[in-house]
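[1] Sequence below, structure please.
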Amino acid sequence: GFSSISFLFGFTTLLALLVDLIQLTALHLTFLQAFFSELYRFELYMLDNLWKVYQGKKYNPLRKRTDTMEYDSMQLLIGMLLFAFILFLFTTILVYHAFYTLLFVAVQPVGLWLLYGFLRDFPFDELWKRWRDPLSMGAGVYFDKEVAHVTHLRIIPKSYKSLLAPFMGRYLKCSLFILRNILQGLGTGKRLNIVHSCLQDQE
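    Numbering: from 1, shown residues only. Sure thing, here's the model as predicted:
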């Protein structure tokens, strides 16, 4: 079972399999979240364009700016009817979008991903070498003059802080990336890619 897989291929392989199994069982939530996110983005796009119609404006994709536009009464009437229809649907779609986005985030194995990344990137070997033989992890050298004008070359060992600093910096960046991705997904309907890109950036 899982114990034999962990014994043969390592604990990180077992964690990767658990992550894949959890995501496979939550595949229907992934599709629902993607559907309502796209619908939410379409709502925002339509509301923005129909509001420009109400203001007598239109986005110019060639010049990448908003220009003034003359609309006749029928165009304004149709635009206002569509705007009212989409606006009344907006709250319902927003609730479904927020619900399935938060549910998608809840079932994502973020903890297992971070544990996998921790076991993969944590400098166990460097810390062990630093503890066992500090001079094997040198940060620099200096000349030490002693008695009888004898000069000795001394090695400055790396501090534990300098060994852990790159690892802690990457994981602080990863945590901020996850939080920003969730907030962007809720606000703009952007596709959520909570941990994959974060861990890929560390490779």
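[2] Every contact and neighbour count from this point should use C-alpha atoms.
    OK.
[3] Is the residue nearest to residue 135 when sequence neighbours are not counted bridged to anything, and to what?
    Counting by CA to CA, 6 or more residues apart in numbering, residue 135 lies nearest to residue 157, which is 5.4 Å off, once chain neighbours are set aside. Residues in a beta bridge with residue 157, per DSSP bridges, are residue 138.
[4] begin at 531 from here
    Got it, the first residue is 531 from now on, which makes the last one we talked about residue 687.
[5] the strands in the protein, which residues?
    587-590, 595-598, 668-675, 681-687 (DSSP state E).
[6] Worst mean pLDDT among the ones you listed?
    Mean pLDDT values for those show the minimum at strand 668-675, a mean of 64.
[7] Which positions within the longest helix along the chain qualify as buried?
    When the chain is parsed with DSSP state H, its longest helix is helix 603-637. Residues of helix 603-637 classed as buried by neighbour count (16 or more other CA atoms under 10 Å): 606, 609-610, 613, 616, 620, 623-624, 626-628, 630-632, 634-635.
[8] ok, now stretch 694-706?
    Neighbour-count burial for stretch 694-706 flags 701, 704 (criterion: 16+ other CA under 10 Å).
[9] and that stretch, how far out from the chain's middle?
    13 Å (CA atoms, centre = their mean, to the nearest Å).
[10] C-alpha coordinates for that stretch, PDB please?
    Presented in PDB, the C-alpha positions along stretch 694-706 are these (Å, rounded to 0.1, in the frame of the first residue of the first chain):
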ATOM      1  CA  LEU A 694      18.000  29.200   6.300                       C
ATOM      2  CA  ALA A 695      17.500  32.700   4.700                       C
ATOM      3  CA  PRO A 696      17.000  31.500   1.100                       C
ATOM      4  CA  PHE A 697      14.500  28.800   2.200                       C
ATOM      5  CA  MET A 698      12.500  31.200   4.400                       C
ATOM      6  CA  GLY A 699      12.500  33.800   1.700                       C
ATOM      7  CA  ARG A 700      11.100  31.400  -0.900                       C
ATOM      8  CA  TYR A 701       8.300  30.200   1.400                       C
ATOM      9  CA  LEU A 702       7.300  33.700   2.500                       C
ATOM     10  CA  LYS A 703       7.100  34.600  -1.200                       C
ATOM     11  CA  CYS A 704       5.000  31.400  -1.800                       C
ATOM     12  CA  SER A 705       2.600  32.300   1.100                       C
ATOM     13  CA  LEU A 706       2.100  35.800  -0.300                       C
END
